[in-house]
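Novice: What shape does this take:
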Amino acid sequence: MYNDATLAPRTAVDTAYDTIGGRISLARDAVGLTVEEISAIAGVTVETWTNWENDRAEPRANRLDMLARILQVSIAWLLDGQGKGPMES
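Specialist: You can find the predicted model right below:
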């Protein structure tokens, strides 16, 4: 229907990862961990992790490197969707 992909309407899936919380959730799913498992690995409460995924809070800057390593993504991807995301070499 659209010749130019930039004119195509965005889907709910596209917009779900427009936020840091959406990207954290996507990356967690990609590494195959539950919220309980990954919050224990990260050393935060389940509530804190859930707040991050639901965009009720954002991780502090000093946690971004740790999160990127655990989630196997780049810090840039976590922050703005640019760079190495889940399952990319």
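Novice: Can you verify my assumption that Tyr17 contacts Asp29?
Specialist: No: counting by C-beta atoms under 8 Å, Tyr17 does not reach Asp29; the two are 10.8 Å apart. Yep, even glycine has a C-beta here, placed from its N, CA and C like the rest.
Novice: what about these two, which has more around it?
Specialist: Using other C-beta atoms under 10 Å as the criterion, Tyr17 and Asp29 rank with Tyr17 on top: 18 against 12.
Novice: Next one: the more buried one from Arg60, what distance?
Specialist: Distance, Tyr17 to Arg60, using C-beta to C-beta, to the nearest Å: 21 Å.
Novice: try Ile38
Specialist: 17 Å.
Novice: now do Leu78
Specialist: Counting by C-beta to C-beta, the gap from Leu78 to Arg60 is 13 Å.
Novice: ditto for Ser25
Specialist: For Ser25, the distance to Arg60 equals 18 Å [C-beta to C-beta].
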